[in-house]
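>>> kindly generate the corresponding structure for this input.
(2 chains)
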Amino acid sequence: MQKSPDRQTFLGCLRPLLFVWLLICCGSATRLHAQAEFEQRLTLDQIQALMNEGIFQPDLRKQALAWYHWAIYDETQTGITDSAFQYLAKSMDKFGKAKDSLGYYRAGMELADRLADRGFSDEAIRMHQAALGYFQRSNNLYLETHTLARLSKIYLANGNADLALIAKRKFVDKNKVLKDSVLEVKLLMDEAMQSFYQKKYSNARYTASRALRLAEQCNYTYLANDARTAIGRFCVLEGDFKTAIFFLKKAEAEAQRANEPQRHDIYHYLSKAYAALDSIPLAYEYGLRYGELTDTLLKREKEMTLQRLALQFDTRQKRAQIQSLEQEKRAVESRAQGHRLTAAALAVALFAVSLAMFFIIRDYRHRLHTDRVIASQNEELNKRIIRELEDSLQIETMRSMLAGQEGERRRIAQDLHDSVGGMLAATRIQVESVLAKYAQLNDNADLIKVKTLLDDTVSETRNIARNMQPGALMEFGLAKAVQDLTSRIYGESAPNITFEHFGDTRDLDQTVALNSYRIIQELIQNSLKYAKSKEILVQITRTEGQLALLVEDDGIGYDPDTVRKGMGTDNIANRIQFLRGELNIQTAPGKGVSTLVTIPLEHQGKP
Amino acid sequence: MIRIFIADDHVMFAEGVESLLVGEPDFLLTGKAGTAADTLKHVRLNPPDVLLLDINLPDQSGMEVCKILREEQPDLKILVLSMFSEESYITAMLGLGAQGYLLKNTGKVELCNAIRTLVTGKTYFCQEVTDVVMRGLMHSRTASTSKENPKISRREKEVLRLIVEEKTTQEIASELFISEKTVESHRAALLAKLGVRNTAGLVKSALQLKLLEGE
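This is a model prediction of the structure:
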């Protein structure tokens, strides 16, 4: 079954040629191409390259494809499906925007399968059926058959045996025409898993090895590795650790050779098998590798690489610039020193020779002086350029920090508002519908308690999301968002808060708007927390080229000499520096606090 | 028969709403949609009497849907059913011609009430929404009546005092340790607050309204 390496490379060379031939000759070539795009397994580098291309060209379809592969990659490597949901949803979104229906439904199929695994079978069935409709309309027999197979599986898991049978019959019929071996391998694997769940381990092993043989015949490394891993897993559970290690090691080697992503499950079972055989060092090593892959912290780091790469590139360019300037400065210095030496030597020599040369020497000295002045001026200039560069480097770092923080907040807030909030609202309305159906429950104290608790949870979730990311800011602009913010402060003990704004703030750059919002939010927070004030005035004034933010209270104030740090002022100061703005605080004990922030607008977008 | 259509991308929520409505003899559910595009398609094809509309739709905002349908079908009643309780969203939706606004923690009685009220040509808002709108109105009342009793910040007062003392912008800036631009923006805010057009007007109303007394 093993092919010699020569034959492999030969085939490897041949494959692109075959592909070109197919493209030219075959009418349905594009469809085949599209299939390969989804079915091959990309490495992390390839995915990043794809994402890069997608972002810089910009090409929505490539981005969608990158998200799709990132989901599959991440899941294979770590076994954690949470991110896969998000990535697949993003992929669908991008495909939708790129108007690529095939990709849209393709990503949808994957998402649906994962939904089904989590128990959302209704959603999954709906999505699969939408995909099925599209594949039927577009005469895509291959994907139609695949979707039918998946649907049948979900129906079966859902307990809907009749529909499962109908779907199964349909796809068996279709597959008679299609004769797709990928599907057959997958079917065998499903069967094996089913036997496994029924604890018929030897059946499972037998079926999986049939799948392995077929996959090897057709040269599907990825599927073959699936089968090997499964066999390894069954063997571990049966207690046949030696065989398990054989298959798992083989899977590991094959995956490496084919440049496939590492797989957490291989390491997991290898570690178990070695532990059972008392090979503790090996068990430990594989356990470590498993841990590395599933470590969420490391995963986040991986996610950041793209962003960081771009940033590093910028930083490196700036460093190079600074270095070359420093070199120039050194060159100028050494030249000046050389001049000085010459001057001394000449002076001694000429002094001895003749007094008549005196004027010439003086003339020369004079010229030397001018040289030195010019040199020192140059030096000053270079120093300033270096300072400016360092300054902008710092702002760049700060910008990426703030952007990261805000991006994170936005993601969490959106998840909270849309998915958690949405699900809570759905739960709430379902409770409501149960209450409507069974009138006798209406007086049930426990149920009423549940309802109240749900209400509180919904509004608390909403509050948290709103504080993290004001939806109104993107939708209606700075003034409306601050209006929302101030109108939420009311009640007996709350100070009377007045908000006024002058000039249009709707066309502000988003970074300026968001940071201004945060500055105002923080200043109001401070006033509420420390000032014990009765009145707070919040004012936004936009004039040509400048935005002025003012928060003023009539509270206890503070001594500016003793209280300087803390109170979130670092955060405010960072944001102001980032916007190249100025901060001006007027306060004294008992005199309230008046904080004025001015932000220049002509710099916006190019700090 | 009141014909009702539900537009909400959360399937579970839409189903919940549906199950609240099906028992009512005078309601007829004409359909459900999870996107703005589907909603527009269905409502155009088979116009309902009342549209239950979520703001947060995946493809386009519910605001957009509201705007389009308001023009195309002036008789259609639009009842917003949203998670957003911010004044900005509420006023925006009302401004776009929605007749009702409920938050998603609504119950059967309120929902049915709202639908029946809308059909008679009246508007309906839940208590929390009413409160938010009322607070907003109170806020804006203080803003519009501010002509007689304008709220002037301490900084503006300082600038105003120096203006009355006939100082130039440059002098004011150096005296208060702020930039000339900032002095200008204080001045602009003062002009707007006092409803006057120039420095003379500023001086006049400063004296008339005794703004600089009690310092």
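
>>> all contacts plus neighbour counts: C-alpha atoms, from now on.
Noted.

>>> any idea which element the closest residue to chain B within chain A lies in?
Relative to chain B, the nearest point of chain A is residue A:426 (4.0 Å; Cα to the nearest Cα). For residue A:426, the host element (DSSP states H and E) is helix A:421-437.

>>> could you find the closest non-adjacent residue to the residue nearest the centre of chain B?
Of all residues in chain B, the one closest to the mean position by Cα atoms, centre = their mean is residue B:91, 2.4 Å from it. Distances taken as Cα to Cα, 6 or more residues apart in numbering or on different chains place residue B:133 nearest to residue B:91, at 7.6 Å, with adjacent residues excluded.

>>> returning to that earlier point: so the nearest residue to the residue of chain A closest to chain B once chain neighbours are set aside, which of the three states?
Closest residue in space to residue A:426, ignoring its immediate chain neighbours: residue B:13 at 4.0 Å, by Cα to Cα, 6+ apart. Three-state assignment for residue B:13 (DSSP: H, G, I helix; E, B strand; the rest coil): helix.

>>> correct me, but residue B:13 touches residue A:425?
Yes: in this structure, residue B:13 is within contact of residue A:425 by Cα atoms under 8 Å, at 6.7 Å.

>>> higher neighbour count, these two?
Of the pair residue B:13 and residue A:425, residue A:425 is the one with more neighbours under other Cα atoms under 10 Å in any protein chain shown, namely 27 against 21.

>>> quick one: residues contacting that one.
Going by Cα atoms under 8 Å, 6 or more residues apart in numbering or on different chains, residue A:425 touches A:458, B:13, B:104, B:105.

>>> of all those residues, which comes closest to residue B:5?
The closest of those to residue B:5 turns out to be residue B:13 (Cα to Cα; 13.7 Å).

>>> give me every residue that touches the closest one.
Contacts of residue B:13 (Cα under 8 Å, 6+ apart): A:422, A:423, A:425, A:426, A:427, A:429, A:430.

>>> tell me the confidence at the residue nearest to residue A:426?
Residue B:13 carries a pLDDT score of 89 in this model.

>>> what's the first helix or strand after the lowest-mean-pLDDT helix or strand in chain B?
Taking mean pLDDT, DSSP states H and E as the measure, helix B:127-144 is the helix or strand of chain B with the lowest mean score, a mean of 74. From helix B:127-144 onward toward the C-terminus, using DSSP H and E, the following helix or strand is helix B:154-164.

>>> how about the strands in the chain?
All of this refers to chain A. With strands called from DSSP state E, chain A shows them at A:496-502, A:535-543, A:546-553, A:582-587, A:593-600.

>>> um, chain B though
For chain B, applying DSSP E gives strands covering B:2-7, B:27-33, B:50-53, B:77-82, B:100-103, B:124-125.

>>> same list, these, but as a markdown table with mean pLDDT and distance to residue A:321 please.
Compiled in a markdown table, the strands of chain B are given as follows (pLDDT from 0 to 100; distance: least, Cα to Cα, whole Å):
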| stretch | mean pLDDT | distance to residue A:321 |
| --- | --- | --- |
| strand B:2-7 | 96 | 56 |
| strand B:27-33 | 94 | 57 |
| strand B:50-53 | 96 | 56 |
| strand B:77-82 | 95 | 53 |
| strand B:100-103 | 94 | 57 |
| strand B:124-125 | 94 | 62 |
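
>>> can you redo those as JSON lines with distance to chain A and mean neighbour count?
What follows is the strands of chain B, written out as JSON lines (distance: least, Cα to the nearest Cα, whole Å; neighbours: other Cα atoms under 10 Å in any protein chain shown):
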{"stretch": "strand B:2-7", "distance to chain A": "14", "mean neighbour count": "22"}
{"stretch": "strand B:27-33", "distance to chain A": "13", "mean neighbour count": "18"}
{"stretch": "strand B:50-53", "distance to chain A": "14", "mean neighbour count": "25"}
{"stretch": "strand B:77-82", "distance to chain A": "10", "mean neighbour count": "25"}
{"stretch": "strand B:100-103", "distance to chain A": "10", "mean neighbour count": "25"}
{"stretch": "strand B:124-125", "distance to chain A": "18", "mean neighbour count": "20"}
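
>>> out of the ones you listed, which gets nearest to residue B:179?
The closest of the strands of chain B to residue B:179 is strand B:77-82. By Cα to Cα, the value is 45.3 Å.

>>> show me what the closest one is packed against.
strand B:50-53, strand B:100-103, helix B:108-119 (3 or more Cα pairs under 8 Å, 6 or more residues apart in numbering or on different chains; DSSP states H and E).

>>> would you mind listing what in chain A touches chain B?
Contacts of chain A with chain B, taken as Cα under 8 Å from any Cα of the partner chain, map to A:421-423, A:425-430, A:432-433, A:436, A:455, A:458, A:462, A:472, A:476, A:480-481, A:483-484, A:487, A:498, A:500, A:502, A:537, A:541-543, A:546, A:548, A:552, A:584, A:594, A:598.

>>> and the buried ones among the residues you listed, selectable in PyMOL?
Applying 16 or more other Cα atoms under 10 Å in any protein chain shown to these leaves a buried subset, and the PyMOL line that selects it is:
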select buried, chain A and resi 421+422+423+425+426+427+428+429+430+432+433+436+455+458+462+472+476+480+481+483+484+487+498+500+502+537+541+542+543+546+548+552+594+598
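
>>> in chain B, what residue comes closest to chain A?
residue B:13 (4.0 Å).

>>> on that earlier part again, I'd like the strands of chain B as CSV, with distance to residue B:194 appended.
Formatted as CSV, those follow (distance: least, Cα to Cα, whole Å):
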stretch, distance to residue B:194
strand B:2-7, 47
strand B:27-33, 51
strand B:50-53, 42
strand B:77-82, 39
strand B:100-103, 36
strand B:124-125, 36
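
>>> out of the ones you listed, nearest to residue A:252?
Among these, strand B:27-33 comes nearest to residue A:252, with 46.9 Å by Cα to Cα.

>>> contacting residues around the closest one?
With contacts defined as Cα under 8 Å, 6+ apart, strand B:27-33 is touched by B:1-9, B:14, B:18, B:21-22, B:39, B:42, B:46, B:48.

>>> just the CA atoms of it, as CSV, please.
C-alpha atoms of strand B:27-33 as CSV (Å, rounded to 0.1, in the frame of the first residue of the first chain):
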residue,chain,number,x,y,z
PHE,B,27,-55.0,36.8,14.6
LEU,B,28,-53.6,35.3,11.5
LEU,B,29,-49.9,34.8,11.1
THR,B,30,-48.9,35.3,7.5
GLY,B,31,-45.3,34.3,7.9
LYS,B,32,-41.9,34.8,9.5
ALA,B,33,-38.5,35.9,8.2
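
>>> what is the orientation angle of it with strand B:2-7?
Angular relation of strand B:27-33 and strand B:2-7 on a 0 to 180 degree scale: 20 degrees, by axes from the mean of the first three to the mean of the last three Cα atoms, to 10 degrees.

>>> neighbours of residue A:55, just the number please.
A count of neighbours around residue A:55, defined by other Cα under 10 Å, yields 13.

>>> sorry, slip of the keys, the one I care about is residue A:139.
Close neighbours of residue A:139, defined as other Cα under 10 Å, add up to 11.

>>> and if you look at residue A:581?
Based on other Cα under 10 Å, the number of other residues close to residue A:581 is 17.

>>> shouldn't it be in contact with residue A:602?
No: with contact defined as Cα under 8 Å, residue A:581 does not count as touching residue A:602 (11.4 Å).
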